[in-house]
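**Student:** how would this look folded up:
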Amino acid sequence: MESPTSRLVPHVFADTPGHLIRLLYQRHNAIWNATVGDSITPTQFAILNVVYAEGPMTQHEVSVRISADTSTMAQSAGALERKNFIKRAVNPADKRERRITLTRTGRREYAQLLPKADEVQQLLFSVLAPDGHDAALTVLRTLAGLGSARP
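**Tutor:** As a prediction, the model looks like this:
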């Protein structure tokens with residue numbers, strides 16, 4: 001009699017999406033650290049980017065824009081506040097919420113970080129032909145459950 005495990009066919013691990021996504025994530029982090037450094041994380045940069053682009057908003061609104069869970073958002077915002085890049089204050093419209101604004105230091109830091117963050121994206125996609133960038137972004141958005149349309 002054959003055992004249930006004798007019929008299992010192992011994955012070709014190098015071809016599994018989860019493995020490849022993990023490798024891509026590691027590659028992104030390595031490029032980020034080499035280009036931007038370790039003084040700010042990609043999530044912290046995303047917070048600065050959203051608040052710079054859209055103006056002051058609640059911590060919850062920022063977390064929705066950057067697709068961050070509550071815990072990650074709170075930790076990242078706390079780190080940015082300790083660096084004096086953002087200010088969090090009670091939202092006058094809803095005392096349960098905190099409103100995030102960029103400080104003068106945060107605006108200066110963002111201006112210095114933006115070209116480096118752009119360089120990270122360029123380096124990450126440098127292995128692709130330029131006409132393949134949009135297709136790659138569409139695949140990544142779809143795999144992330146965001147659909148193929150740009151937000």
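
**Student:** show me what counts as buried in the lengthiest helix in the chain.
**Tutor:** Determined from DSSP state H, the single longest helix within the chain is helix 104-125. Residues of helix 104-125 classed as buried: 106, 109-110, 113, 117, 120, 123-124 (neighbour count, 16 or more other C-beta atoms under 10 Å). No exception for glycine: its C-beta is placed from N, CA and C like everyone else's.

**Student:** next one: stretch 72-92
**Tutor:** 73, 76-77, 79-81, 85-86, 88, 91.

**Student:** CA atoms only for the helix or strand harbouring Gly18, dumped as CSV, please.
**Tutor:** Per DSSP states H and E: Gly18 is located in helix 17-35. Taking Å, rounded to 0.1, in the frame of the first residue of the first chain, the C-alpha atoms of helix 17-35 are listed here in CSV:
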residue,chain,number,x,y,z
PRO,A,17,5.4,33.1,-6.7
GLY,A,18,5.9,33.4,-2.9
HIS,A,19,9.6,32.7,-3.2
LEU,A,20,10.1,35.1,-6.1
ILE,A,21,8.2,37.8,-4.3
ARG,A,22,10.3,37.3,-1.2
LEU,A,23,13.5,37.7,-3.4
LEU,A,24,12.1,40.8,-5.0
TYR,A,25,11.4,42.3,-1.5
GLN,A,26,14.9,41.5,-0.4
ARG,A,27,16.3,43.0,-3.6
HIS,A,28,14.2,46.2,-3.1
ASN,A,29,15.4,46.5,0.6
ALA,A,30,19.1,46.0,-0.5
ILE,A,31,18.8,48.7,-3.2
TRP,A,32,16.9,51.0,-0.7
ASN,A,33,19.6,50.6,1.9
ALA,A,34,22.4,51.1,-0.6
THR,A,35,20.8,54.2,-2.1
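
**Student:** that's all I had, so thanks and see you.
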